[in-house]
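**Student:** coords please:
(2 chains)
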Amino acid sequence: MIESLMAAGESGAESAGLLRSAKAGDRAAFEQVVLGHERRVLLTALRLLGRWEDAQDAAQEVFVRLHRYLGRFDDALELAPWLYRMTVNVCRDIAGKRRADAELDPNAADPASGPERSARSAEERRILEAALRRLPEKERAALVLRDLEGLPTREVARILGSSEATVRSQVSSARLRILKLTERYRRERT
Amino acid sequence: MSCAAFERLIALDVGGDLAPAEAARLGAHLASCAACRELAAGLRASQDSLRALGGEGLDEDAVVAWRRGLMARIEDAQPRRLLGWWWAWVAAAAMAVLVGFLIVPQLQKRTPPVRLVGQAVPPALGRPNGLPHPPQPPVAHRSLRHHRAPAPAAETLLVKLETPDPNVVIYWIVEGKGN
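**Tutor:** Numbers count the residues shown, from 1 in each chain, chains lettered A, B, ... in the order given. As a prediction, the model looks like this:
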């Protein structure tokens, strides 16, 4: 499930083979592993941190740690949940070092692309991202993984190291907060 | 159940996170509550926006530049790590040599090898009846640690201990207490 979400056109067997080659020291194989998972890691970090610069740092740190621990990585484990878990942890560290009340920079470089980008106004997008950043950390992580990444609740609970009931509670609370925050921001801007 | 209690269920329902029984209970409430229907509509719209945000991709050039930076960082980390291990080994070896130089002479000073080289009985310490002491078996060259003076009762032994330092000689007077 997660592999299908994360791996860009790669089967699980291909992915496992690449991982084995990367463990053996094949740099090109490691780059292929990165290629297969980089967008999900970058996007998850971007949604959790709200800044492209921070997201790039976080994603680099995730893959550097993967490279460092590659030799000890258990072949029986799926890489995708490990990467999500590491992304959440690294983003938590980065967010802790950053000023908690920092606002999004409206002039910051925005790397997002896709068909929805042109359809939705930049203003609406900023409102949604600002609301996301106002969520408590754990609620934000649960919401990003469940609603933006589309992972099942059970998987989100596994990644966050909590129970399904806790994730359901966090997601429910986060959805209500997002609605209230976006409504308030829209009112303030009109 | 109040509308406030249904809010949580509505928020779960818009994401398909409700069990069928809960969804049925919510459906019955929504049929009769306009305020909750409005909330449900707002949450669905918000949910659509979130999913759209999650569905967005990333600019290809930005990702390629990021990957190039990552691979360069990993490449840089390799020799540094090897160098780091090399320095760790050198530091450990240097420490071992230093410890050897500092500790070994101290140990040698602290535990000088002692040799029991002989015994003598001063004439003044003879038996009270004036008779000479019976001949004693020599105990020379026996380790002090294993020394058990086989002297007969009420006899006195003078033991001379030689140390590696020629200026230091230890005399040890051993008095037997008798059987």
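**Student:** so where do the strands sit in chain A?
**Tutor:** Using DSSP state E, the strands found in chain A span residues A:112-113.
**Student:** what's the distance between the residue sitting nearest the centre point of chain A and chain B?
**Tutor:** For chain A, A:Thr44 is the residue whose C-alpha lies nearest the centre (Cα atoms, centre = their mean; 1.5 Å). Per Cβ to the nearest Cβ, to the nearest Å, A:Thr44 is found 9 Å from chain B. C-beta coordinates here come from the backbone N, C-alpha and C atoms, glycine included.
**Student:** how about the longest helix along chain B, does it get close to chain A?
**Tutor:** Using DSSP state H, we find that the single longest helix of chain B is helix B:60-110. Yes - residues of helix B:60-110 contacting chain A under Cβ under 8 Å from any Cβ of the partner chain: B:60, B:62-63, B:66-67, B:69-71, B:73-75, B:77.
**Student:** Next, the buried residues of the longest helix seen in chain A.
**Tutor:** Ranked by number of residues, the top helix in chain A under DSSP H is helix A:164-189. Neighbour counts over helix A:164-189 (16 or more other Cβ atoms under 10 Å in any protein chain shown) mark A:166-179, A:181-182, A:185 as buried.
**Student:** Please see if it touches chain B.
**Tutor:** Yes - judged by Cβ under 8 Å from any Cβ, helix A:164-189 comes into contact with chain B at A:168-169, A:171-173, A:175-176, A:178-179, A:182-183.
**Student:** what would the residues you listed look like in CSV with pLDDT?
**Tutor:** Output for the residues of helix A:164-189 next to chain B, formatted as CSV (pLDDT from 0 to 100):
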residue, pLDDT
A:Arg168, 96
A:Ser169, 96
A:Val171, 97
A:Ser172, 96
A:Ser173, 96
A:Arg175, 97
A:Leu176, 96
A:Ile178, 96
A:Leu179, 96
A:Thr182, 93
A:Glu183, 93
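**Student:** can you map out the helices along chain A?
**Tutor:** Along chain A, the stretches classed as helices by DSSP H are A:2-6, A:12-23, A:27-49, A:52-69, A:79-97, A:115-119, A:122-134, A:137-143, A:153-160, A:164-189.
**Student:** Repeat that for chain B.
**Tutor:** Listed in chain order, the helices found in chain B under DSSP H are B:3-13, B:20-32, B:34-55, B:60-110.
**Student:** Out of those helices, flag the one nearest A:His37.
**Tutor:** For A:His37, the closest of those is helix B:60-110, at 11.2 Å, according to Cβ to Cβ.
**Student:** by how many degrees do the closest one and helix A:27-49 diverge?
**Tutor:** On the basis of axes from the mean of the first three to the mean of the last three Cα atoms, to 10 degrees, helix B:60-110 is oriented at 100 degrees to helix A:27-49.
**Student:** Once you drop chain neighbours, what's closest to A:Leu70?
**Tutor:** In space, and not counting its chain neighbours, A:Leu70 is closest to A:Lys23: 5.1 Å by Cβ to Cβ, 6 or more residues apart in numbering or on different chains.
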